[in-house]
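Chemist: here is a sequence with its predicted model. Questions after.
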Amino acid sequence: MSVELLTKFLTVLFGYAMPALECFKAVEQRTGRTDQLRFWCQYWIILVILVIFDEIAGALISRIPMYYEVKLAFLVYLWYPQTRGSDIVYENFVRPLVMQYEPNIEERLRYLRANAGDLIVFYLKNFTDRGYELFLRVLDFARSQASSGSRTRRFFSFRGDRAERPSFVDDDYVHGSDRRSAARQRRPRGADY
């Protein structure tokens, strides 16, 4: 098992599965312990920011040595009971940053919600138009390759032009019009099959 695969497995286990179970338990306690819910909400907010960063900078991340090991250690730091890193990271970095841009983010999200249908229709229409155009280009390319006089076109021709088709029977051995007699003449003498 490679180190990278093991690290990814441990990241899923300790970064996603275990915190999800702890969050579930905090939600289901229903004893009014909002501090646990707040802690796990902070954890998931930080995790989502980290996942977004991973997706955006994916090509660059793969070149950073031991990135996944550092990410695993950071995720454990976030939820580990003695460190409770989620509180520190959220209060010192995430909260001030989001509070600064929250009105702008809210405005853009409202715009996206209001125009989501129009955006989807626009992208679907654009995708189908470009897909149709690409399909026509592929067909045109295939047609141009077939009409360039390649041996493949001549071999798979359905026009019935015998002169264009390659001959697999040597004309030197054919004395009659029957192909079976030509095949018999090619057999070595003395071989009775």
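Modeler: Sure thing, it's come through.
Chemist: and the helix ranked longest in the chain, how far from the chain's centre?
Modeler: Ranked by number of residues, the top helix in the chain under DSSP state H is helix 116-146. Centroid separation for helix 116-146 versus its chain: 20 Å, with CA atoms, centre = their mean, to the nearest Å.
Chemist: and that helix, which residues are buried?
Modeler: By neighbour count with 16 or more other CB atoms under 10 Å, helix 116-146 contains no buried residues. The C-beta positions use only the backbone N, C-alpha and C, and glycine is treated the same way.
Chemist: then stretch 24-34?
Modeler: Applying 16+ other CB under 10 Å to stretch 24-34 flags Ala26 as buried.
Chemist: now do that stretch, average pLDDT.
Modeler: Mean pLDDT, computed over stretch 24-34, is 74.
Chemist: give me the residues contacting it.
Modeler: Gln36, Leu37, Phe39, Trp40 (CB atoms under 8 Å, 6 or more residues apart in numbering).
Chemist: mind giving me the packing neighbours of the longest helix of the chain?
Modeler: Contact analysis of helix 116-146 by 3 or more CB pairs under 8 Å, 6 or more residues apart in numbering; DSSP states H and E lists no helix or strand as a packing neighbour.
Chemist: need the CA coordinates for stretch 66-86. CSV is fine.
Modeler: Output of stretch 66-86 as CSV, limited to C-alpha atoms (Å, rounded to 0.1, in the frame of the first residue of the first chain):
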residue,chain,number,x,y,z
MET,A,66,3.9,16.0,2.0
TYR,A,67,0.8,18.2,1.4
TYR,A,68,-1.6,15.4,2.3
GLU,A,69,0.2,14.5,5.4
VAL,A,70,0.1,18.2,6.6
LYS,A,71,-3.5,18.3,5.6
LEU,A,72,-4.2,15.2,7.7
ALA,A,73,-2.4,16.7,10.7
PHE,A,74,-4.3,20.0,10.3
LEU,A,75,-7.7,18.2,10.2
VAL,A,76,-6.8,16.2,13.4
TYR,A,77,-5.7,19.5,15.0
LEU,A,78,-9.0,21.1,14.2
TRP,A,79,-11.2,18.5,16.0
TYR,A,80,-8.8,17.0,18.6
PRO,A,81,-10.3,17.7,22.1
GLN,A,82,-7.1,19.0,23.7
THR,A,83,-6.3,21.5,20.9
ARG,A,84,-9.8,22.4,19.6
GLY,A,85,-8.2,24.1,16.7
SER,A,86,-11.5,24.8,15.0
